[in-house]
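**Q** below are the sequence and a predicted model for it; my questions follow.
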Amino acid sequence: MGIISWVILGLLAGAVAKILLPGRDPGGLVGTTVIGVAGAFVGGWLSAKILDKPVQHHFFDAATWGAAIGGALVLLILYRIFFGDSRDARR
């Protein structure tokens, strides 16, 4: 898969992560989208390096999607932990 495929996969993974973890995010839609793209890259890298299971080069591979969504979920949770109160502080 090329870089464009990973970006598209990341956008979709960010949307799925947002559906799985509803609620207000400090970055809104743009922040969640960026987290999804970063999560796809991080999930793919972690899958290859730590789990010793490199992702396939097919866009519709279940393991590739699982790694991307898992990475997006981890980054979204970390983002909420570290920056979750930033929106509430402005009220």
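**A** Nice, I can see it.

**Q** what residue, apart from its backbone neighbours, is nearest the spatially most central residue of the chain spatially?
**A** The geometric centre of the chain, computed from its C-alpha atoms, lies nearest to residue 72 (C-alpha atoms, centre = their mean), at 1.8 Å. In this structure, residue 72 finds its nearest non-sequential neighbour in residue 39, 3.0 Å apart by C-beta to C-beta, 6 or more residues apart in numbering. Every C-beta, even on glycine, is put in place using the N, C-alpha and C of the backbone.

**Q** over to residue 42?
**A** Looking at residue 42 with C-beta to C-beta, 6+ apart, the closest residue is residue 71, at 4.2 Å.

**Q** residue 80: how many residues sit nearby?
**A** Residue 80 is flanked by 17 other residues according to other C-beta atoms under 10 Å.

**Q** and the helix or strand that contains residue 32, how far out from the chain's middle?
**A** With secondary structure defined by DSSP states H and E, residue 32 is part of helix 28-49. On the basis of C-alpha atoms, centre = their mean, to the nearest Å, helix 28-49 sits 3 Å off its chain's mean C-alpha point.

**Q** what is the host helix or strand of residue 80 packed up against?
**A** Here residue 80 is covered by helix 62-83, with elements defined by DSSP H and E. Here helix 62-83 is seen to pack against helix 3-20, helix 28-49 when contacts are counted using 3 or more C-beta pairs under 8 Å, 6 or more residues apart in numbering; DSSP states H and E.

**Q** so what's the residue nearest to residue 42 up against?
**A** Residue 71 is in contact with 13, 38-44, 46, counting by C-beta atoms under 8 Å, 6 or more residues apart in numbering.

**Q** follow-up on the earlier one: pretty sure the residue nearest to the centre of the chain is touching residue 34, no?
**A** No - applying C-beta atoms under 8 Å as the test, residue 72 and residue 34 come out as separate, 10.2 Å apart.

**Q** now list whatever residues contact both of these two.
**A** Shared between the contact lists of residue 72 and residue 34 (criterion: C-beta under 8 Å, 6+ apart) are residues residue 14.

**Q** what sits against the residue nearest to residue 72?
**A** The neighbours of residue 39, taking C-beta under 8 Å, 6+ apart as the test, are 10, 13-14, 17, 68-76.
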